[in-house]
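Trainee: this one's sequence-less:
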Ligand SMILES: NC(=O)c1ccc[n+]([C@@H]2O[C@H](COP(=O)([O-])OP(=O)(O)OC[C@H]3O[C@@H](n4cnc5c(N)ncnc54)[C@H](OP(=O)(O)O)[C@@H]3O)[C@@H](O)[C@H]2O)c1
């Protein structure tokens, strides 16, 4: 490699069109910030317009951090995903919007949408709850896959990155639903990588990460919970969205990573 020639590592996301579903808080918002910093054209979506507005102001206020200038204004669209009847039509409307009717296809789709669930004792679990817990975690990634060939540029440069969680491998009590659907996402990842080739499909498996998911806990509950999570990792830390977002960036930027699950969990499985 010539010493004076830029190798292009830092500009791999410049002008790339990236949609983050669940990009208005936590891990998804950190991914959106990072993509924008690298000069990508970022679209975020979630179910709450006020969260979208707040995320867009935050993303567009950070103009001075942009390293590689392309067309970098972030845009946000509302898309409710937790309704089985409307799921596919809502996703089609979102994809039509961000691709301007398929004229400008996406380079990358990141899926981090998730809601609070916590532990559900088996004794109160019924079939309705099983389905409800699976909509965001399992149904949505499959429908994203179904729509991908229409809205994502068909190329090994393109990618979809899904999200699971360490509970699917090392569950604590009461996590049957999360573990079940979480494992499902990892299976979907490999199958979609086959069905959608050459578009790459990967999954990030985060460990305990301090995001807005923890909002609303009173301090006397939150602090012991955070301490317990810290002691459940080898690093004795809890993840930050900025840490975990690196794994999503990697899956977009390494055009040879496909059908893989990447862990960002402070060594949770070993602790
Ligand atoms: N944080 C952790 O410790 C951890 C650990 C392992 C796995 N994970 C997984 O990682 C993913 C991201 O977690 P996070 O901690 O970053 O969560 P978060 O901060 O709560 O963000 C979740 C995102 O999903 C969106 N969302 C929630 N319900 C939605 C719906 N019905 N329709 C559309 N969008 C919806 C939220 O926006 P709206 O509220 O506006 O809809 C928000 O943008 C989740 O799948 C989570 O299960 C997290």
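Mentor: Yes, it's here. Please read these numbers as outputs of a predicted model, since none were measured by experiment. Numbers count the residues shown, from 1 in each chain.
Trainee: Now residue 206. Its backbone dihedrals?
Mentor: Phi and psi for residue 206, reported as degrees, to the nearest 10, are phi -80, psi 150.
Trainee: State the number of residues packed around it.
Mentor: For residue 206, the number of neighbouring residues by other Cβ atoms under 10 Å comes to 27. (Glycine included, C-beta is placed from N, CA and C.)
Trainee: Hmm, it is touching residue 266, no?
Mentor: No - in terms of Cβ atoms under 8 Å, residue 206 does not count as a neighbour of residue 266; the distance is 9.8 Å.
Trainee: Need the overlap of contacts for these two.
Mentor: With contacts defined as Cβ atoms under 8 Å, 6 or more residues apart in numbering, the residues adjacent to both residue 206 and residue 266 are residue 239.
Trainee: where do the strands sit along this protein?
Mentor: Using DSSP state E, the strands of the chain run over 17-21, 41-46, 75-78, 108-111, 159-163, 200-206, 261-264.
Trainee: Walk me through which strands the fourth one pairs with, and which way each runs.
Mentor: Looking back up the chat, that one is strand 108-111. For strand 108-111, the pairing partners within the sheet under DSSP bridges are strand 17-21 (parallel), strand 159-163 (parallel).
Trainee: what about the ones you listed, which gets the closest to residue 120?
Mentor: With distances scored as Cβ to Cβ, the stretch of the strands paired with strand 108-111 nearest to residue 120 is strand 159-163 (19.3 Å).
Trainee: Make JSON lines out of the strands of the chain and add distance to the ligand and mean pLDDT.
Mentor: Output for the strands of the chain, formatted as JSON lines (distance: least, Cβ to the nearest ligand atom, whole Å; pLDDT from 0 to 100):
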{"stretch": "strand 17-21", "distance to the ligand": "7", "mean pLDDT": "98"}
{"stretch": "strand 41-46", "distance to the ligand": "3", "mean pLDDT": "98"}
{"stretch": "strand 75-78", "distance to the ligand": "8", "mean pLDDT": "98"}
{"stretch": "strand 108-111", "distance to the ligand": "8", "mean pLDDT": "98"}
{"stretch": "strand 159-163", "distance to the ligand": "4", "mean pLDDT": "98"}
{"stretch": "strand 200-206", "distance to the ligand": "4", "mean pLDDT": "98"}
{"stretch": "strand 261-264", "distance to the ligand": "9", "mean pLDDT": "98"}
